[in-house]
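Chemist: Model the following, please.
(one chain, ligands or ions: 2)
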Amino acid sequence: MLFVISGPSGAGKSTLCRRVLDNLEGLEFSVSHTTRKKRRGEVEGKDYYFVSQEEFKSLIKANRLAEWAVVHEHYYGTSKREIEKKGAEGDLLLDIDIQGAQQIKEKYKKAVFIFIMPPQFRDLKRRLKTRGQESSVSVQKRLEMARKEIRHYHQFDYVVINDELKKAAQELESILRATRCSLDSRKMEIVSILRSFSGS
Ligand code: ADP
Ligand code: 5GP
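Modeler: Numbers count the residues shown, from 1 in each chain. Ligands and ions are numbered 1, 2, ... in the order given. This is a model prediction of the structure:
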């Protein structure tokens, strides 16, 4: 199953993804390609595949991306390989922007879409400033973008309001756990259980 996490920059997507990845067995993070610079502490191949614009454009040309978008002036994309690698039975978590989420929705009808919302605009502003990874111009751009992005919540299956981190992480985990119990996700297990019922 593909789980797509989206929402404004600073809403807490990475933080929540990290928490849920630590708590849920068998869940993996989809490592995106990006042309933005590596931030302090980020690891190549774990947080992102950091590539040049030329490399990114050649991935587009070769049709190797499942989705891609320009976000805050940089290219970001999920490779088809990253999705195929996990296989149809595995669970993969995608932290991507809204344009990317829309593309995934077109191609992977069964994916689950989760929107992360900050409790208030002022919280988003404070979080972006205290994260301290952007210049004040970049923070301003992200905030302007957030005013537009926040309106897309209705295109998603679930909304997690990231007010108290622990509660938001529990909600996200619950969505993933509940999806794992859906009829569709349980199909293979059910077949095997039913088979056991047809013997003596
Ligand atoms: P995103 O991945 O959506 O851009 P981050 O996960 O980087 O957002 O979070 C932005 C900042 O807000 C980080 O400094 C993070 O530690 C902080 N943060 C995330 N969730 C909360 C929360 N519930 N309460 C307070 N601060 C938070
Ligand atoms: P950041 O630079 O803060 O890591 O991410 C900036 C934005 O890019 C976030 O909204 C994040 O969800 C988005 N993003 C990260 N990877 C991808 C991707 O592969 N595709 C798309 N469309 N957006 C991505």
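
Chemist: Setting aside sequence neighbours, what's the nearest residue to whichever residue of the chain sits closest to ligand 2?
Modeler: The minimum distance from the chain to ligand 2, using C-beta to the nearest ligand atom, falls at residue 100 (2.4 Å). From N, CA and C alone the C-beta is placed, and that goes for glycine too. Setting aside the residues directly before and after it, residue 100 is nearest to residue 67 in space (C-beta to C-beta, 6 or more residues apart in numbering), at 4.4 Å.

Chemist: so who does that neighbour touch?
Modeler: By C-beta atoms under 8 Å, 6 or more residues apart in numbering, the contact list for residue 67 reads 77, 78, 96, 99, 100, 103, 104, 107.

Chemist: and which of those residues is nearest to ligand 1?
Modeler: residue 96 (10.9 Å).

Chemist: neighbours around the closest one, how many?
Modeler: Using other C-beta atoms under 10 Å, residue 96 has 24 other residues around it.

Chemist: And it, its phi and psi?
Modeler: For residue 96, the backbone dihedrals (degrees, to the nearest 10) come out as phi -130, psi 160.

Chemist: pretty sure it is touching residue 32, no?
Modeler: Yes. The pair residue 96 and residue 32 passes the contact test of C-beta atoms under 8 Å, sitting 6.9 Å apart.

Chemist: hey, what's in contact with both of the two?
Modeler: Joint contacts of residue 96 and residue 32 (C-beta under 8 Å, 6+ apart) are 76, 78.

Chemist: still on that earlier bit, let me see the mean pLDDT of the helix or strand hosting the residue nearest to residue 100.
Modeler: Taking DSSP states H and E as the definition, one finds residue 67 inside strand 65-71. For strand 65-71, mean pLDDT rounds to 97.

Chemist: This completes my enquiry, with thanks.
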